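J.: no sequence for this one, just the structure:
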């Protein structure tokens, strides 16, 4: 692992910028110091009571990565988190991972592919998996007594087809930015700095289509996705459903639990279904997004509505009925969904009329935040995994559960209170 | 395959829009007709002497797809191209694939995921692979006599590791747009309309990072990519190097040959290399993009320059030296490169210090256009595949060669002159 002193970054930047300017003027090797670049205009704060990337208005790209820890010593893990903190603060401000040196005798300390780019609203959200606390019965870092009760093992849900190489991990990093290169760049710098301490286990890109203010973006099934999401503008709802509170260990307060699921959609089969069948599956109109019981997208679904024959207007196994807070003890989760698109492969799929042949490997990178996964995602999905009409057209192929600690204050490192 | 009459689309749009408005006001089922949406502000022309997507300023996203033809009859192939033409003209204008019907009794005639989006500068560029002309010794469509001489089989280059499921195909579609959902949506509509005639064989997403006018975007190795590309603003260079001319069959005139290569980069290994080694591999400075013989990005590389010891300043096997027109009989190709990012996998890689373990499946979706691949890509890459220093850090895993016919005139269908 490459070490870096924990000095005052802004001062070092200034010095480096001055040195870089001299070099650029006088030497044959043009040095581009990070601070030579125009200040980025769109940045999201890195420090604060909560981690960014949870309530932050969704960016157009994500790169979600999970790492396995290979460090033998607690101190190495702490070192990594210290370096990650400095690097993350710089990158989210639109700077290179470290002040660029001339690379003589070694690799450049930033891989360089975003040198002319702005921060593009980069956020980095860190989470800890169960393996950080104990793995194969071993308490590698003296943390097993600190594992939060809420950080359970996700149960095996009906229909799960989780691939080991796309699941789990000891540490998660959700990079979100309004540019795919900025998001990938950020994780890549962290991965490089983690050499010898943590190794990438899996990663998944995702995207959100362009959408105007007030619109709800559509998923790859063509339906609006997020209509019933609680609003980040409701602090009381966020306190109740998203942020870990007094029931949690101190280091988790103000944090949240993230559940990630890589959900492959059988789009070929879906695209051949009658519109009405698609709408009954979701419980909403495709074009307007209105619940089948209403006229407009934001009409509250009337779960009690029946037609003239006494049948439910929103079918009993429709997606939105099973997901509704009213059917889940009032619980809500904060969804932060991305689509993913990994081209095509030859995997046999559920629910497609062509069980063999090239099929889209595309779907939903489902990401949701909650105060407690036992009463959040697990509570809701336990039932949905058995009954949701949508299950005929989706397969969960990967994902994980991570405890995202509270936000980082200046001078602290990510998750510092866990180690106190 | 779903048929659609070849009527006047704009009139039908107007009628549908009126009907949609009435329905929306008076009925329980809000119909969203394509023409109800605000007109897109950024569109690229579909019709013209050349296909769009070749000289079009590069969009931020691509979805490149290759199809296998399964139709037994020439008429079915022509039908597909007719429908694709109408659909493409609509979608590149920001409209749905067809005028939205109410879907009663069948699937909606657009999958819907871009309903509120603009055209996002969508272009669709079509190509014909060797298999369209003959396959397994069979002349399926009576076209074997029309195969252009320039549409050769790509030779097997040194180091090639082409995967069958990522290579070849009888028909190609390069969708480019400033939004990943718009690009994917377009190919998906075409794939659906091709049912029974053509099947997806492989597909690859790609992206270009945000960059300002006058800047050169960087590839995932952190180097500027495209500095020496011929400019689309030089018509003479385009005529000479890009557009098929009098030497080609009539249907190819004004067309071009596209070579696609999915080039995986061993980024982990690359990121641990000294800056100087990276720069000698490319023959350029990383930060400024200047050739090693110069000071500024656009300084022409001085291939004859030697240092005080008599060694080439731009190393003999540097990437830019081997690619230089001066070393290739003056030939140039028009590159249209995208990066790709498919997460990580466990494939063993060339050139990485960790030959086993999770590795980035990311790199370059290399796309280039040329008047004749024999004197273009094949001529240049034959030598590079043996000697380029960069080969230690890249593996070609897929791709193909396709003859992209001349542009489509109104009333014609894509490639119509091939069937005349």
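T.: Okay, I see it. Nothing here was measured: the structure is a model prediction, and the numbers come from that model.
J.: what about residue A:298, distance to chain B?
T.: Distance, residue A:298 to chain B, by Cβ to the nearest Cβ, to the nearest Å: 13 Å. For the C-beta atoms, the positions are set from N, CA and C on the backbone; glycine is no exception.
J.: Now do the SS call for the nearest residue to that residue once chain neighbours are set aside.
T.: Leaving aside its sequence neighbours, residue A:298 sits nearest to residue A:227 (Cβ to Cβ, 6 or more residues apart in numbering or on different chains; 6.7 Å). The assignment at residue A:227 comes out as coil when based on DSSP: H, G, I helix; E, B strand; the rest coil.
J.: and if you look at residue A:149?
T.: Assigned with three-state DSSP, residue A:149 falls in the coil class.
J.: and if you look at the one 10 residues further on?
T.: Under the three-state scheme (three-state DSSP), residue A:159 adopts coil.
J.: Show the contacting residues for it.
T.: Taking Cβ atoms under 8 Å, 6 or more residues apart in numbering or on different chains as the contact definition, residue A:159 lies against A:385, A:391, A:395-396.
J.: Surely the residue nearest to residue A:298 is in contact with residue A:289?
T.: Yes - using Cβ atoms under 8 Å, residue A:227 is in contact with residue A:289, at 5.7 Å.
J.: host element of residue A:65?
T.: strand A:61-69 (DSSP states H and E).
J.: actually residue A:200, not the one I wrote
T.: strand A:198-207.
J.: Packing partners of that strand?
T.: Helices and strands touching strand A:198-207, by 3 or more Cβ pairs under 8 Å, 6 or more residues apart in numbering or on different chains; DSSP states H and E, are strand A:61-69, helix A:180-193, strand A:338-345, strand A:359-370, strand B:338-345.
J.: The third one near chain B at all?
T.: Okay, so that is strand A:338-345. Yes - using Cβ under 8 Å from any Cβ of the partner chain, strand A:338-345 reaches chain B at A:339, A:341-345.
J.: And for that strand, what's in contact with it?
T.: Residues from elsewhere that reach strand A:338-345, judged by Cβ under 8 Å, 6+ apart: A:58, A:62, A:204-209, A:219-220, A:262, A:358-365, A:367, B:63, B:165, B:180-181, B:184, B:200-205, B:342-343.
J.: Give me the buried entries from these.
T.: Buried by 16 or more other Cβ atoms under 10 Å in any protein chain shown: A:58, A:62, A:204-209, A:219-220, A:262, A:358-365, A:367, B:63, B:180-181, B:184, B:200-205, B:342-343, out of these.
J.: residue ranges with poor pLDDT in the stretch 101-250 of chain A?
T.: Counting by pLDDT under 70, the ranges of the stretch 101-250 of chain A that qualify are A:102-104.
J.: where do the strands sit along it?
T.: For the stretch 101-250 of chain A, the strands defined by DSSP state E, counting those that start in this stretch cover A:123-128, A:171-177, A:198-207.
J.: got a pLDDT number for residue A:8?
T.: We have a pLDDT of 33 for residue A:8.
J.: Mind putting the residues of strand A:338-345 next to chain B into TSV with pLDDT?
T.: Formatted as TSV, these follow (pLDDT from 0 to 100):
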residue	pLDDT
A:339	98
A:341	98
A:342	97
A:343	96
A:344	94
A:345	88
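J.: What is the nearest of those residues to residue B:130?
T.: Distance ranking of these against residue B:130, using Cβ to Cβ, places residue A:344 first at 20.8 Å.
J.: so how far is chain B from the closest residue to residue A:331 other than its chain neighbours?
T.: The shortest distance from residue A:331 to any non-neighbouring residue, by Cβ to Cβ, 6+ apart, is to residue A:375 (5.5 Å). Counting by Cβ to the nearest Cβ, the separation of residue A:375 from chain B is 31 Å.
J.: what do you get for residue A:228?
T.: According to Cβ to the nearest Cβ, residue A:228 and chain B sit 18 Å apart.
J.: does the nearest residue to that residue once chain neighbours are set aside sit in a helix, a strand or a coil?
T.: By the measure of Cβ to Cβ, 6+ apart, the closest residue to residue A:228 outside its immediate chain neighbours is residue A:320, 7.2 Å from it. Here residue A:320 is recorded as helix under three-state DSSP.
J.: before we move on, what about the one 10 residues further on?
T.: The three-state assignment at residue A:330 reads coil, by three-state DSSP.
J.: how many neighbours does it have?
T.: 11 (other Cβ atoms under 10 Å in any protein chain shown).
J.: got it, and residue A:333?
T.: Neighbour tally, residue A:333, other Cβ under 10 Å: 26.
J.: what's near enough to touch the residue nearest to residue A:298?
T.: Shown in contact with residue A:227 (Cβ under 8 Å, 6+ apart): A:216, A:284, A:289, A:297-298.
J.: how about a cut-off of 7 Å?
T.: A:216, A:289, A:297-298 (Cβ atoms under 7 Å, 6 or more residues apart in numbering or on different chains).
J.: Adding neighbour count and distance to residue A:310 as columns, could you present those in a markdown table?
T.: Shown next, in a markdown table, are these (neighbours: other Cβ atoms under 10 Å in any protein chain shown; distance: Cβ to Cβ, whole Å):
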| residue | neighbour count | distance to residue A:310 |
| --- | --- | --- |
| A:216 | 16 | 32 |
| A:289 | 23 | 26 |
| A:297 | 17 | 27 |
| A:298 | 11 | 27 |
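J.: In CSV: these, plus secondary structure.
T.: Converted to CSV, the contacts of residue A:227 look like this (three-state DSSP):
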residue, secondary structure
A:216, coil
A:289, coil
A:297, coil
A:298, coil
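J.: Just send those residues back as JSON lines, with distance to residue B:315 too.
T.: Output for the contacts of residue A:227, formatted as JSON lines (distance: Cβ to Cβ, whole Å):
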{"residue": "A:216", "distance to residue B:315": "54"}
{"residue": "A:289", "distance to residue B:315": "59"}
{"residue": "A:297", "distance to residue B:315": "60"}
{"residue": "A:298", "distance to residue B:315": "63"}
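J.: you'd agree residue A:397 is up against residue A:162?
T.: Yes - look at residue A:397 against residue A:162 with Cβ atoms under 7 Å: they come within range, at 6.5 Å.
J.: what about the closest residue to residue A:198 other than its chain neighbours, neighbour count?
T.: Among residues not flanking residue A:198 along the chain, residue A:67 sits closest, at 4.0 Å (Cβ to Cβ, 6+ apart). Residues within reach of residue A:67, counting by other Cβ under 10 Å, total 26.
J.: which residues does residue A:67 contact?
T.: The neighbours of residue A:67, taking Cβ under 7 Å, 6+ apart as the test, are A:169-171, A:194, A:198-201.
J.: Done for today, thanks.
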